[in-house]
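K.L.:
Here is my input; please provide its structure:
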Amino acid sequence: HAQFFNDLCPSGANTKTEIQSIVDGDKFLKPIDSLPLETSLSPGGKPFVLDAKSRKVYFEINAKLQCSVLELLDRYKMPWISVVLIDPETGAVLSIANSYKQNPDSLNFAIQSRVPAASIFKIVTATAGIEEKGLNNNTIVKFRGGNYVLSDYNYKPDSKKDTRQMSVGEALGKSVNPVFGRLALGYLGADSLEEHAKKFGFNYHISSQIKLEPSIFTKPKTDYELARTGAGFGDVTMSPLHGALIAASLENSGIIIRPRLISTVEAPEGEIIYKSKKDAFGTAISQKNVDELKQIMANSTLTGTAKKYFSGSKYKIYSKTGTLNGENPKGLNRWFIGLFKDPASQKSVAISVLVTDTTARGISGTAVARDVISTFFSPNYEVPSISYASKRPVKSRYTPKKSLGKVYAGKGKSVKKFKKKKKK
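P.N.:
Sure thing, here's the model as predicted:
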C-alpha cells in the first residue's frame, strides 16, 4: 500500500512518488524526476527533502503523529482509507495518511475529489439557511416519511401529509434527509446552494502548494434534484483534505484557510528563502453566525450519528458524518469530518476521514476518527493498544458488494425495500 511520508517511520520506504504526486512542482522541487527525494529529519524533528538546487524543503508534517496514524491504518485492513489532520488556526497539514489494500498505485487519495461528499454537504445547506433565512438550531421543519428516504413520494411539501416535524439541529445530528431536502427546496433554491458551495471552496483551486483536485458542485436543474442535493445526494464530490479545511473553518471565524504542506525552504548556506504564511481562501460563513453552525454540528456527537463513538467525550466536538455509494473507486464511502478542541489545554485539530469499502466489513470513518483523535491528544502521539474500530466493528447495515446499487445515506437500505406494495 502507498502512503505519504512513510519513510519517516522505521519500516517505511522511499517517498519520491508520493511527494511527486502531492507537491505542486511549479514553485518547489523542480525538476523533481531527477531527485531521490528521501525524506530526512532535522535535529528538531522536522521532515525535509532536498530540491534540485540542494535547498532544504521543510514540511509541516508532524513526523511522530504521521507514523502513529500510518500504524493505525495498517490495522483496519480496508480497501481504501484516508486521514487528514490540520492545525485549524494555521492551515498546517499535520498528517496526511493513506492506505490501500487494493490498487496500490493510487497514491493521492487524500487530495482527489472523486467520491460523493454525501451528507457532509448538509453543512453547506445548513449554512445557507442560517445566513439567508435566519434558521437556527431550534428551527422546526415539517416533513413526511422516514428519516433517510428522500424520493418523489416525499420531497415536495404537503401540509396535509407532512405529519412529522424536527428541529434543524436534531436533523443534522441524525442526518435526516427529508428535512434538508425541504430546506433546499422550500427555503433556499439552486442559486443559493451554488453560491454557498463556492464560498466553502467547491469548484475552486484552493491550494497553491498542493496538487489538490477541486471539489465539484453541480448545480441541480429540477426541484427533485435540488431537494436531493441539499440532503447530500447530489452530483457533488469532495476530497478528504477539503473536508478537513471545512472543519477547520469553525475555528477561524468561518474562514477557509488554504492548506500548508511546506513550511520553509532553506538555501544550502542556511538562509531561509521561503516561509509559509497563513493564507485565507475566503469566508464560508459570517463570523456572527459561526457559533450557530457549531451548535448545530455539535448534535452529531451529542444525539446523532456519532454519539456512540464520542459520548461523554471531554472535548468540544463539532462534526458531521456521511455515507453513500460511489463509483471511483466503486464502493461504500463512509465520511467523518470534525473540529476537536480540548477545553483544558486549548489544543485543537481538524480531522477528515474517508473509508471506502466494497466488502461491507462495517468499519466506519467515525470509528477510525475515534482512534486517530485518541492518538492525537495522547502525550506522545501514542497509538491505543486496542483500536476502537477493531474492538467494536460496526455491524454492516449496507448492501453487500454483490448487489451494490443505490444506497441512501444513513440506513443504506436499497430502494426496493421502500416501495409500497400494490393493492390487489
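K.L.:
now the helices: where do they sit in the protein?
P.N.:
Along the chain, the stretches classed as helices by DSSP state H are 16-22, 63-76, 122-133, 168-174, 177-182, 190-199, 223-231, 240-248, 287-297, 299-302, 307-310, 365-376, 388-391.
K.L.:
The fifth one - contacts with which helices or strands?
P.N.:
Meaning helix 177-182. helix 122-133, strand 140-143, helix 168-174, helix 223-231 (3 or more C-beta pairs under 8 Å, 6 or more residues apart in numbering; DSSP states H and E). For every residue, glycine as well, the C-beta is placed using N, CA and C.
K.L.:
try 6 Å
P.N.:
In terms of contacts (3 or more C-beta pairs under 6 Å, 6 or more residues apart in numbering; DSSP states H and E), helix 177-182 is packed against strand 140-143, helix 223-231.
K.L.:
residues making contact with that helix?
P.N.:
Contacts to helix 177-182, defined as C-beta atoms under 6 Å, 6 or more residues apart in numbering, come from residues 122, 125, 141, 143, 145, 148, 150, 154-155, 166, 171, 227, 230-231.
K.L.:
What is the neighbour count of residue 366?
P.N.:
Residues lying near residue 366 (other C-beta atoms under 10 Å) number 27.
K.L.:
hmm, back to that, biggest separation within the contacts of helix 177-182, which pair?
P.N.:
The span of the contacts of helix 177-182, defined through C-beta to C-beta, is set by 125 and 145 at 18.0 Å.
K.L.:
Out of those two, name the residue with the larger neighbour count.
P.N.:
Neighbour comparison, residue 125 and residue 145: the larger count goes to residue 125, with 28 against 20 (by other C-beta under 10 Å).
K.L.:
and the more buried one, what does it touch?
P.N.:
Contact analysis of residue 125 by C-beta under 6 Å, 6+ apart lists 180, 183, 184, 230.
K.L.:
Can you check which of the helices of the chain gets nearest to residue 269?
P.N.:
Relative to residue 269, the nearest member of the helices of the chain by C-beta to C-beta is helix 16-22, separated by 23.7 Å.
K.L.:
average pLDDT across the closest one?
P.N.:
For helix 16-22, the mean pLDDT works out to 56.
K.L.:
same check, this time on stretch 253-271
P.N.:
Here stretch 253-271 scores 92 as its mean pLDDT.
K.L.:
Buried ones in that stretch, by neighbour count?
P.N.:
With burial defined by 16 or more other C-beta atoms under 10 Å, the residues of stretch 253-271 counted as buried are 254-266.
K.L.:
coming back round to it: list buried residues within the contacts of helix 177-182.
P.N.:
Buried among these (16+ other C-beta under 10 Å): 122, 125, 141, 143, 145, 148, 150, 154-155, 166, 171, 227, 230-231.
K.L.:
Serialize the residues you listed to TSV and add fields for pLDDT and distance to residue 48.
P.N.:
Formatted as TSV, the buried ones among the contacts of helix 177-182 follow (pLDDT from 0 to 100; distance: C-beta to C-beta, whole Å):
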residue	pLDDT	distance to residue 48
122	98	40
125	98	42
141	97	52
143	96	54
145	94	55
148	95	48
150	94	49
154	94	56
155	95	53
166	98	51
171	98	47
227	97	50
230	98	45
231	97	45
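K.L.:
related to what we said a few turns ago, closest to residue 39 out of the contacts of helix 177-182?
P.N.:
Closest approach to residue 39 among the contacts of helix 177-182 (C-beta to C-beta): residue 122, at 37.9 Å.
K.L.:
hang on, the earlier thing: possible to save the helices and strands packed on helix 177-182 as JSON lines with distance to residue 74?
P.N.:
Output for those, formatted as JSON lines (distance: least, C-beta to C-beta, whole Å):
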{"stretch": "strand 140-143", "distance to residue 74": "43"}
{"stretch": "helix 223-231", "distance to residue 74": "35"}
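K.L.:
Only alpha carbons, please: show stretch 187-200 as CSV.
P.N.:
Provided in CSV are the C-alpha atoms of stretch 187-200 (Å, rounded to 0.1, in the frame of the first residue of the first chain):
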residue,chain,number,x,y,z
TYR,A,187,-36.2,27.9,1.9
LEU,A,188,-33.2,28.3,-0.4
GLY,A,189,-33.1,27.4,-4.1
ALA,A,190,-30.4,26.2,-6.6
ASP,A,191,-28.7,29.6,-6.9
SER,A,192,-28.3,29.8,-3.1
LEU,A,193,-26.8,26.3,-2.8
GLU,A,194,-24.4,27.1,-5.6
GLU,A,195,-23.3,30.4,-4.0
HIS,A,196,-22.7,28.9,-0.6
ALA,A,197,-20.9,25.8,-2.1
LYS,A,198,-18.5,28.1,-3.8
LYS,A,199,-17.9,30.0,-0.5
PHE,A,200,-16.9,26.7,1.0
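K.L.:
Run the chain-centre distance for stretch 127-144.
P.N.:
Taking C-alpha atoms, centre = their mean, to the nearest Å, one finds the center of stretch 127-144 at 23 Å from the center of the full chain.
K.L.:
whoops, stretch 163-170 was the one
P.N.:
Worked out by C-alpha atoms, centre = their mean, stretch 163-170 lies 25 Å from the chain centre.
K.L.:
Contacts for it, please.
P.N.:
135, 137, 138, 139, 140, 142, 143, 144, 179, 296, 299.
K.L.:
hmm, try it at 8 Å
P.N.:
126, 129, 135-145, 176, 179, 183, 295-296, 299, 303-304 (C-beta atoms under 8 Å, 6 or more residues apart in numbering).
K.L.:
So among those residues, which ones count as buried?
P.N.:
For the contacts of stretch 163-170, a neighbour count by 16+ other C-beta under 10 Å gives the buried set as 126, 129, 135-137, 139, 141-145, 176, 179, 183, 296, 299, 304.
K.L.:
pLDDT score assigned to the spatially most central residue of the chain?
P.N.:
Closest to where the C-alpha atoms of the chain average out (C-alpha atoms, centre = their mean) is residue 243, at 3.2 Å. Note for residue 243: predicted pLDDT of 98.
K.L.:
Now do residue 287 against residue 123, distance only.
P.N.:
Distance from residue 287 to residue 123, counting by C-beta to C-beta, to the nearest Å: 17 Å.
K.L.:
actually residue 155, not the one I wrote
P.N.:
Distance from residue 155 to residue 123, by C-beta to C-beta: 20 Å.
K.L.:
do the same with residue 258
P.N.:
According to C-beta to C-beta, residue 258 and residue 123 sit 19 Å apart.
K.L.:
again with residue 241
P.N.:
To residue 123, residue 241 is 16 Å away according to C-beta to C-beta.
K.L.:
what's the answer for residue 57, then?
P.N.:
Distance of residue 57 to residue 123, given as C-beta to C-beta: 34 Å.
K.L.:
Cool, thanks, talk later.
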